[in-house]
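Enquirer: coordinates only, sequence not included:
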């Protein structure tokens, strides 16, 4: 078996180089994004467990906003990758303008909501008074980062789909270094032993990093970018592209909400079980996200290549790319699971949890190890290959059924009716990827994702 795997990997070195040139920068960007979150959690965990848990719960609001960005970025990426296959930069310029228009509107809405009603938002996630107080402080301050975040995310997504993934990695590296440095300054130098001020400082650090990220995108677009920031135009080309953008974005956006909403509900369930489970889940989520960064890189990089070949009407190469990245997804999923088990002692050495939370975390990390395998393959097929070929509705159907009709009812019953042990509860709400896996493989082999969705505007 492994001899066959080695043979498949070494064949077609040109494809491997193209994939690696996309996967490594995207994986680095995912690693950096996860590391920024990890930095916030770990540093606040040094202050006290409540500060760490509160910021983790408050981060669910940013997570919901990120779901909007992910949907719009994926929609823009689908169109960009296929038009990039035709080298139609003029059309890609219009795609960027449309995506920015929608993302900025959503950003302003979340900014106003988090700035004016942070306590109301926190009460959706927990009834613990101390967690609500700390989370309110964090949300009100971090809300300003939303203004910059939407525009920069759309630009970086378009650049990534034009096979310039290194830009995202470079910009994200700057933001990581700045964010961690400012976090350390607030937690260890300016406000040691002062949780409320430290939480505010960590939030302001995020705001600074996001505005610098936007500044880097603007400078790049002016000096070196093939596309520029400008307002959408009112012409036939823009109208057709806006319709295409909505056609492929809306199912993906709905899918992200179905999936992300379900994850948020599981967080609410955990938040109402115990503060110890909230703390251990915060750490487990960070470790899991760090472990699967290469899996996300495979999904995103493979989607760009599949979209490019479909846009140039090379169906045979698109199929070949799909098979190859599925193989890599399996390998990286196994590696990610093994990595979680290997770094367990390091995790327990870094974080400061009480005995109950440590016991929960130990069991959660074992569950995360098998979860990564299904997550890697599903994110590659459902979140990468299918949307790249215009098959955007399957993910919505799959997550709707699995998450809302299987996982959440079982999770609710396990927590509040059967009162199972927290580790069993965590195992139940982590079953979704394993249930979706056979469905995704069957759909993939039907090849309904082999679609060229570009238009000829000449």
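Expert: Yep, it's here. Note that the structure is predicted; figures quoted are calculated from it, not measured.
Enquirer: surely residue 395 meets residue 382?
Expert: Yes - judged on C-beta atoms under 8 Å, residue 395 makes contact with residue 382 at a distance of 4.6 Å. (C-beta placed from N, C-alpha, C; glycine too.)
Enquirer: for residue 275, list the residues it contacts.
Expert: 49, 50, 53, 128, 131 (C-beta atoms under 8 Å, 6 or more residues apart in numbering).
Enquirer: just residue 304 next, same as before
Expert: Taking C-beta under 8 Å, 6+ apart as the test, what residue 304 contacts is 22, 77, 81, 160, 161, 163, 165, 388.
Enquirer: repeat that with 6 Å
Expert: 22, 81, 161 (C-beta atoms under 6 Å, 6 or more residues apart in numbering).
Enquirer: my guess is the first one meets residue 301, correct?
Expert: Yes - under the criterion of C-beta atoms under 6 Å, residue 22 is in contact with residue 301, at a separation of 3.3 Å.
Enquirer: okay, those two: which has more neighbours?
Expert: Just comparing residue 22 and residue 301: by other C-beta atoms under 10 Å the higher neighbour count belongs to residue 301, 29 against 23.
Enquirer: and the more buried one, which of the three is it?
Expert: At residue 301 the chain is in helix, as set by DSSP: H, G, I helix; E, B strand; the rest coil.
Enquirer: identify the residues contacting it.
Expert: Counting by C-beta under 6 Å, 6+ apart, residue 301 has contacts 19, 22, 23, 26.
Enquirer: tell me which element the closest residue to residue 292 other than its chain neighbours is part of?
Expert: Counting by C-beta to C-beta, 6 or more residues apart in numbering, residue 292 lies nearest to residue 336, which is 4.9 Å off, once chain neighbours are set aside. For residue 336, the host element (DSSP states H and E) is helix 315-342.
Enquirer: could you give me the average pLDDT of the helix or strand just after that helix?
Expert: The helix or strand immediately downstream of helix 315-342 is helix 344-350, counting by DSSP H and E. On average, the pLDDT along helix 344-350 is 90.
Enquirer: buried stuff in helix 344-350?
Expert: 344, 347 (16 or more other C-beta atoms under 10 Å).
Enquirer: which strands or helices does it pack on?
Expert: Under the contact criterion of 3 or more C-beta pairs under 6 Å, 6 or more residues apart in numbering; DSSP states H and E, helix 344-350 touches no helix or strand at all.
Enquirer: what about that helix, distance to the chain center?
Expert: With C-alpha atoms, centre = their mean, to the nearest Å as the basis, helix 344-350 stands 24 Å off its chain's centre.
Enquirer: contact partners of that helix?
Expert: 287, 365.
Enquirer: what do you get for stretch 209-219?
Expert: Outside stretch 209-219, the residues touching it (C-beta under 6 Å, 6+ apart) are 145, 148, 149, 151, 152, 155, 171, 175, 178, 179.
Enquirer: averaged pLDDT, it. What do you get?
Expert: The model assigns stretch 209-219 a mean pLDDT of 92.
Enquirer: pLDDT below threshold where in the chain?
Expert: 1-14, 33-41, 458 (pLDDT under 70).
Enquirer: same thing but at 50, please
Expert: Flagging of the chain using pLDDT under 50 yields the residue ranges 1-2, 5, 9.
Enquirer: now intersect the contacts of residue 301 with the helices, please.
Expert: Under the assignment DSSP state H, those contribute 19, 22, 23, 26 to helices.
Enquirer: reformat the residues you listed into CSV and put distance to residue 70 next to each item.
Expert: CSV is the format used below for the ones in helices among the contacts of residue 301 (distance: C-beta to C-beta, whole Å):
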residue, distance to residue 70
19, 22
22, 18
23, 18
26, 14
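Enquirer: from these, which two are the most distant?
Expert: Distance extremes for the ones in helices among the contacts of residue 301: the farthest pair is 19 and 26 at 10.4 Å, using C-beta to C-beta.
Enquirer: comparing these two, which residue is more hemmed in?
Expert: residue 26 (26 against 21).
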